[in-house]
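Visitor: from the sequence below, what's the structure:
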Amino acid sequence: MGTNEPYHIYDSFLPDENFLSLDLNEPFPLIPNNVDIIFDLAGSISKTALSISSAIKQSDVVLIPIYNEVKSIKS
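Guide: Down below sits the predicted model:
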C-alpha cells in the first residue's frame, strides 16, 4: 500500500514493510513488477505532485472516484 494522504490510518493495521507514506511532492520509489501495490492518492493534483505522477506511471489500472455531478464529471 502506498499513499500520499497527509492523514490516514493505514499504519494502524499494516506492517511497516507493507506500507509507504509519502508527501504529495515526493516520488514513489520504483516498485518491482513482481510486487502488487495499491496507491491511495490524495484528491488533488499539481505540476509538482511527483507522488501522483510516479504512481500513475507504475499502474496498470487507475480508478478515479467522482460524484455524479456535472462539475465533478467535467473536472
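
Visitor: pLDDT (mean, whole number) over whatever helix or strand Lys71 lives in?
Guide: Using DSSP states H and E, Lys71 sits within helix 70-74. Mean pLDDT, helix 70-74: 77.

Visitor: centre of the chain versus that helix, how much separation?
Guide: Averaging C-alpha positions (Cα atoms, centre = their mean, to the nearest Å) puts helix 70-74 21 Å from its chain's average.

Visitor: mind listing residues that contact it?
Guide: By Cβ atoms under 8 Å, 6 or more residues apart in numbering, the surrounding residues in contact with helix 70-74 are Ile66. Any C-beta I mention is one placed from the backbone N, CA and C, and that applies to glycine too.

Visitor: can you check the pLDDT for the residue nearest the centre of the chain?
Guide: For the chain, the residue nearest the mean C-alpha position is Leu41 (2.9 Å; Cα atoms, centre = their mean). pLDDT recorded at Leu41 is 89.

Visitor: what's it sitting at in phi/psi?
Guide: Note on Leu41: backbone dihedrals following degrees, to the nearest 10 are phi -100, psi 150.

Visitor: pretty sure it contacts Ala55?
Guide: Yes - with contact defined as Cβ atoms under 8 Å, Leu41 and Ala55 form a contacting pair (6.1 Å).
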